[in-house]
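Chemist: structure for this input, please:
(4 chains)
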Protein chains: 4
Amino acid sequence: MAGNTFGQAFRVTTWGESHGKALGVVIDGCPPRLPLAEPDIQEALDRRRPQGAASSTPRREPDKVEILSGVFEGRTTGTPILLIIYNKDVDSRAYKAIKDVFRPGHGDITYQKKYGMRDYRGGGRASGRETVARVAAGGVARTVLEQDGIKVRAYTFELAGIRVQQVDLEAVNMNPFFAPDLDAAERMGERIREIKASGDSAGGIVEVLVEGCPPGLGEPVFDKLDADLAKGLMSIGAVKAVEIGVGLGAARLLGSECNDEIMPKGFVTNRSGGILAGISNGDEIVVRAAVKPIPSIEIEQKTIDIHSRPTTISVKGRHDVSAIPRIVPVCEAMVRLVIADHLLRQKAL
Amino acid sequence: MAGNTFGQAFRVTTWGESHGKALGVVIDGCPPRLPLAEPDIQEALDRRRPQGAASSTPRREPDKVEILSGVFEGRTTGTPILLIIYNKDVDSRAYKAIKDVFRPGHGDITYQKKYGMRDYRGGGRASGRETVARVAAGGVARTVLEQDGIKVRAYTFELAGIRVQQVDLEAVNMNPFFAPDLDAAERMGERIREIKASGDSAGGIVEVLVEGCPPGLGEPVFDKLDADLAKGLMSIGAVKAVEIGVGLGAARLLGSECNDEIMPKGFVTNRSGGILAGISNGDEIVVRAAVKPIPSIEIEQKTIDIHSRPTTISVKGRHDVSAIPRIVPVCEAMVRLVIADHLLRQKAL
Amino acid sequence: MAGNTFGQAFRVTTWGESHGKALGVVIDGCPPRLPLAEPDIQEALDRRRPQGAASSTPRREPDKVEILSGVFEGRTTGTPILLIIYNKDVDSRAYKAIKDVFRPGHGDITYQKKYGMRDYRGGGRASGRETVARVAAGGVARTVLEQDGIKVRAYTFELAGIRVQQVDLEAVNMNPFFAPDLDAAERMGERIREIKASGDSAGGIVEVLVEGCPPGLGEPVFDKLDADLAKGLMSIGAVKAVEIGVGLGAARLLGSECNDEIMPKGFVTNRSGGILAGISNGDEIVVRAAVKPIPSIEIEQKTIDIHSRPTTISVKGRHDVSAIPRIVPVCEAMVRLVIADHLLRQKAL
Amino acid sequence: MAGNTFGQAFRVTTWGESHGKALGVVIDGCPPRLPLAEPDIQEALDRRRPQGAASSTPRREPDKVEILSGVFEGRTTGTPILLIIYNKDVDSRAYKAIKDVFRPGHGDITYQKKYGMRDYRGGGRASGRETVARVAAGGVARTVLEQDGIKVRAYTFELAGIRVQQVDLEAVNMNPFFAPDLDAAERMGERIREIKASGDSAGGIVEVLVEGCPPGLGEPVFDKLDADLAKGLMSIGAVKAVEIGVGLGAARLLGSECNDEIMPKGFVTNRSGGILAGISNGDEIVVRAAVKPIPSIEIEQKTIDIHSRPTTISVKGRHDVSAIPRIVPVCEAMVRLVIADHLLRQKAL
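Modeler: Below you'll find the predicted structure:
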């Protein structure tokens, strides 16, 4: 059944496969009269492109976005906005080899079981390339949020076991890992090169901050703000855990350590991550996503083919070593989609 | 805007407040001709009732469920099923004291800011009591899942810093903490009594297992099975993190440590937690929710009143010390709702 | 699949069967702080009760509505409002006779084919009694609309071939047919008595006016205001046609006869029925629903039983002769639900 | 708020403006493994192109559809299908004249009031050209329906006051009005030429037949099959009324004239139009849509400009004289979308 739509009031529907003709998104519910042009969207797409030691994909896509509808004379019209990114650098020959083999850790086997067939070229719809449409949509959401002074920033919190020691937002765009700590970024680079040399891959954690979010966003009881953030981030292929505020750590705290006391000028601490009972409390929203290592590795692994016969696989070539840093703008985009949606939903109150 | 509905094909809408006349749920989309009677639903409600050292709420509700529609001659008819649980033991006098004061860690302040008013009695809609409707709905979902041989089991994985050392499902109902490890349960009891004596509260982790889930459930790309599980569990008030399979641990694994190799007889390991690319792979589904400590504590905390004046609060009386174990059947119910919904969605393929 | 929910921002879900324990509705998305009490809702329910020559149902239900949630100290809280109407005067014995026979014109045969079973008592969920929940929900919608000065009025436009010659809203509640023309009402009474005497039943047309609707409501392209009005009215069991403005007559007009010219003070005519391109234009909204005759008649008809064997049926007893006038408040309620929903949706723009 | 999506299980979202770069649709929920290629979709688009006396639009669009996603090696994959039709013959100069003037009967004024701005070129999103995306989507729905042997056929039932005297489906594609009666078609041509000469425009009625629809489709109580058909057809810009079966005529029938008696071999008559209590009964589904005259006429009309100053307008040039016949494949497409959606929904039961 249909499952490619996200949001209620600010509603995005994505489409496209890794090696198809194009990928894109329809955005329905964007308020009218907002200034919007392709460069506003292109910026985040450019940040998603391969860069640094962790990214060695040979595919070099310009990822140029085009607006095909919903904008007139530089402003949104209130009607659906179609964003399209044509695939340019498609070479599917390499994938013939895995046509009949399931790569461990990939969706090859589950897509085959669900649909009775699959577009095996580059992972088809299950490819990380699908997120290009999310990032494009996030660019439009950013425009919506800016009207209300809301800023969303994502960065690498941990990569290959190396955690940042400080959060300096200025630093994020000054290193190829989008780390808010230049020292940590340097060590990440070293560690990633080692892992790459060994034919393996690495995971990490992305943190997303929302600044300027007004109190009151989130719809109890199921469409809580944190519930939708969890869904949005967990819907990104590589994510295996989502935390809000103290997150998993909440399990080991006492109530007196976990509660945020309240003073007339605001909350004393922010263990809640800016959300209480599913509703934003006006403080910074803090959410983290744990990212698993890229499953395509050179190290040989046991697997089966589509006839259930045992075989082995070693994914050669220049795959990314980690979904980080490319997943960072994707997480940022998903959080933007959630906040924009709830911002509009709250207006319908 | 509306936010009290969960699911697409098996769709539940809950209603009711802690100190209102009743709570309940409408279940729309339940297949016809399934055997269903009140005892099928009552069982899970009884497990949610206060028990053991962690639960010392003075409110003693029978929580008797009544089916008011959708069942005829002992079978579901395919039309909406209304389940109602009347509140019997309501005494709102104690809450007059907090009418004008925001309890730290509670939704008092965010409800007030969102809606410009709130039902302060027992937390109103933000109360944990709201989950009684989820548990009731889960009882119907269980009937749907049983038709396909799917079993969902939740248990305490960690409480107040004490983690289980084994998962013995037989043990779960043999101790008041729903722990699958009787030794751990005993130590949990001791620790909880200490925390209670100190006027504090404790958090923990709940794990949910899904056995017998067929491959193919989950709708890429946003309505992935893990995304909906994350939303479902995070929508429970006290939950601050959700993990699938290795979860947060994925961040520190290498690809060779995280991938599940595949053999003709199945996956060699289950780090994925039974879900690949958002679709069930036929293996056991494993998901965990981190639960924060109950925010109502006797230890005095700083807060403000509704006029933003500083004050302090010490929540006396007999609140639960931990949301565990009562949250265990709630997590179980939410996972059942997600799996039942996706089971039906897959049929529409 | 689930199909008992209507609306996006103001969302209602109904439940209950004719001879079950109760019927009701959950309303999710009602704005907070609106004054609401049971008498506000009861009024429309009382208008739906049997009255006049057309209504001779022997069932005498008080149809007392109770609010079980979502209201605190006389005001809505923004959380789901549960309205319940207990069935009091249930006597299912008479329906044993039609347990195995399909009544022509009724949903007996389609429910049986869809669900493989059916609650045959009083038509179960297919009964006109289901509309009691719609009327109750409409009472809440009226409160929402009143905040914006929007008034919805329904009346009988035609009954048993007798069409009203004038629309005098004062007259509507002065005759048992809810006709805005007392002369016509008298002739309706005569005609209905004749039809009743012959063991037959009659159809008619209901017209609904919306006064004070602001321009701008309606969401192109599918959720147009007229499209949602059409769905809302056609979802009432007995309705076979829906018209907006000139309606069916548009087919025979020329463009110069159908267009509404525009003057600075407003539209010169209102052939459009207050909706242009699916969006309200600020003029009165005018919509009509054609209602088929009650299918239960005393005149003998050919039918089959559940084993497909031929038989005949003559529905004795005191069924209504026409769905009019009881369907009038139902149409009014459905229009209110549509306008309230779109009023809130427009705020999310 | 978002309003450009139709359907639950087979879900389409359209986008694009009359004079934008392109129009198109995303189809989410199409079952996998169905054969699908561009010619399957192109056929209906070709039928929608200008033809015959009623169509004198000077715009000559090839309307070539391209599939950009969701199809692999000639078969659907179960992932979203993006169909795109690039606008080729766009000349917006003529519309500068109406930039500041509201055309009577058009959405110019309501779009302006709703959104505070509008894309005035060719009607923007309110243009009849928007339906090109619906027709394309209908081509995919046809493929879904064909798997179950369901056929949908639309034709002109009445044009400019001339009603067909017979329904000969063979004749439909043998005349430029898609009339199932060649004699009537000839008279339609004469009448249309007269109206055209007088600078006026004409309305009519489209009838749609569904053959081979299984019983059981439709979800009580709101998502009834007839309710969704009414919404789907009324969401087409020019439609002002929708009838099922006897439709408006039901108002004047007696119960004994309106009921369809039942025999072991089926229903004796089909006044119900194939739908009982909102569920298909296995008989032919018959639905009609009344279409208003094209509002753009040469005859001078009073109107206002965007500064509310009175003016007049005479729409010169070669507009269509009637939405018929071009709306015929649009109605056919909308009915296909509804039936395909409900066919899949019924599988989730």
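Chemist: which helix is the longest one in chain A?
Modeler: If you go by DSSP state H, chain A has its longest helix at helix A:327-347.
Chemist: what separates that one from the chain centre, distance-wise?
Modeler: Mean C-alpha position of helix A:327-347 versus that of the full chain (Cα atoms, centre = their mean, to the nearest Å) differs by 11 Å.
Chemist: next one: stretch A:295-310
Modeler: On Cα atoms, centre = their mean, the centre of stretch A:295-310 falls 27 Å from the chain's centre.
Chemist: could you do stretch A:140-157 as well?
Modeler: The gap between where stretch A:140-157 is centred and where its chain is centred comes out at 14 Å by Cα atoms, centre = their mean.
Chemist: before we move on, what about stretch A:81-96?
Modeler: Average the C-alpha atoms of stretch A:81-96, do the same for its chain, and the two points are 19 Å apart (Cα atoms, centre = their mean).
Chemist: start and end of that stretch, how far apart?
Modeler: Its start and end residues considered, stretch A:81-96 measures 36 Å (Cα to Cα, to the nearest Å).
Chemist: quick one: that stretch near chain B?
Modeler: No: contact between stretch A:81-96 and chain B is absent, the nearest approach being 15.5 Å (criterion: Cβ under 8 Å from any Cβ of the partner chain). C-beta coordinates here come from the backbone N, C-alpha and C atoms, glycine included.
Chemist: which parts of that stretch are buried?
Modeler: For stretch A:81-96, the neighbour count (16 or more other Cβ atoms under 10 Å in any protein chain shown) marks A:81, A:82, A:83, A:84, A:85, A:86, A:87, A:95 as buried.
Chemist: picking that back up, tell me which other helices or strands the longest helix of chain A touches.
Modeler: Using 3 or more Cβ pairs under 8 Å, 6 or more residues apart in numbering or on different chains; DSSP states H and E as the contact criterion, the neighbours of helix A:327-347 among helices and strands are helix A:38-48, helix A:131-147, strand A:151-159, strand A:204-211, helix A:225-234, strand A:285-291.
Chemist: after the fifth one comes which helix or strand?
Modeler: In other words, helix A:225-234. Using DSSP states H and E, the next helix or strand after helix A:225-234 towards the C-terminus is strand A:239-244.
Chemist: neighbouring strands - and their directions - for that next one?
Modeler: When sheet partners are counted by DSSP bridges, strand A:239-244 sits next to strand A:285-291 (antiparallel), strand B:239-244 (antiparallel).
Chemist: could I get those as TSV with mean pLDDT and mean neighbour count?
Modeler: Putting the strands paired with strand A:239-244 into TSV (pLDDT from 0 to 100; neighbours: other Cβ atoms under 10 Å in any protein chain shown) gives the following:
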stretch	mean pLDDT	mean neighbour count
strand A:285-291	98	28
strand B:239-244	98	29
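Chemist: now tabulate those strands in JSON lines and tack on distance to residue C:196.
Modeler: As requested, the strands paired with strand A:239-244 are arranged in JSON lines below (distance: least, Cβ to Cβ, whole Å):
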{"stretch": "strand A:285-291", "distance to residue C:196": "66"}
{"stretch": "strand B:239-244", "distance to residue C:196": "61"}
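Chemist: so of the buried residues of stretch A:81-96, which ones are in strands?
Modeler: In strands, defined here by DSSP state E, the members of the buried residues of stretch A:81-96 are A:81, A:82, A:83, A:84, A:85, A:86.
Chemist: got the contact list for residue A:236?
Modeler: Residues in contact with residue A:236, defined by Cβ atoms under 8 Å, 6 or more residues apart in numbering or on different chains, are A:131, A:134, A:289, A:327, A:330, A:331, A:334.
Chemist: what's the burial count for the closest residue to the second one other than its chain neighbours?
Modeler: Once its chain neighbours are removed from consideration, residue A:134 has its nearest residue in residue A:333; the separation is 4.9 Å (Cβ to Cβ, 6 or more residues apart in numbering or on different chains). The burial count assigned to residue A:333 is 31, neighbours taken as other Cβ atoms under 10 Å in any protein chain shown.
Chemist: any idea how far residue A:333 lies from residue D:304?
Modeler: Relative to residue D:304, residue A:333 is positioned 43 Å away (criterion: Cβ to Cβ, to the nearest Å).
Chemist: ditto for residue A:12
Modeler: 37 Å.
Chemist: please report phi then psi for the residue in the stretch 101-250 of chain A that chain C sits nearest to.
Modeler: Nearest residue of the stretch 101-250 of chain A to chain C: residue A:220, at 7.0 Å (Cβ to the nearest Cβ). The phi and psi values for residue A:220, taken as degrees, to the nearest 10, are phi -60, psi 150.
Chemist: can you tell me how far it is from residue C:29?
Modeler: Applying Cβ to Cβ, the value for residue A:220 to residue C:29 is 12 Å.
Chemist: residue contacts, the closest residue to residue A:210 other than its chain neighbours?
Modeler: Leaving aside its chain neighbours, residue A:210 sits nearest to residue A:285 (3.7 Å; criterion: Cβ to Cβ, 6+ apart). Applying Cβ under 8 Å, 6+ apart, one finds that residue A:285 lies in contact with A:208, A:209, A:210, A:213, A:225, A:229, A:273, A:274, A:275, A:335, A:339.
Chemist: which residue is the nearest non-sequential neighbour of the fifth one?
Modeler: Counting by Cβ to Cβ, 6+ apart, residue A:218 is the residue found nearest to residue A:225 once chain neighbours are left out, at 3.1 Å.
Chemist: what's the burial count for that neighbour?
Modeler: Summarising burial for residue A:218: neighbours were counted as other Cβ under 10 Å, giving 28.
Chemist: residue A:124 against residue D:71, yeah?
Modeler: No: no contact is recorded between residue A:124 and residue D:71 when judged using Cβ atoms under 8 Å, the distance being 11.4 Å.
Chemist: more neighbours, the two?
Modeler: A count of neighbours by other Cβ under 10 Å puts residue A:124 above the other of residue A:124 and residue D:71, at 27 against 23.
Chemist: separation between the nearest residue to residue A:192 once chain neighbours are set aside and chain C?
Modeler: With Cβ to Cβ, 6+ apart as the measure, residue A:53 is the residue that lies nearest to residue A:192, at 4.7 Å, once sequence neighbours are left out. In this structure, residue A:53 and chain C are 44 Å apart, going by Cβ to the nearest Cβ, to the nearest Å.
Chemist: mind listing what residue A:53 touches?
Modeler: By Cβ under 8 Å, 6+ apart, residue A:53 lies in contact with A:176, A:189, A:192, A:193, A:196, A:321.
Chemist: quick one, phi psi at the residue lying closest to the fourth one once chain neighbours are set aside?
Modeler: So that's residue A:193. With Cβ to Cβ, 6+ apart as the criterion, residue A:193 has its nearest non-adjacent residue at 5.5 Å, and that residue is residue A:53. As for residue A:53, its main-chain torsions (degrees, to the nearest 10) stand at phi -70, psi -30.
Chemist: and residue A:53, what pLDDT?
Modeler: Residue A:53 is assigned a predicted lDDT (pLDDT) of 77.
Chemist: likewise residue A:318?
Modeler: At residue A:318, the model reports a pLDDT of 68.
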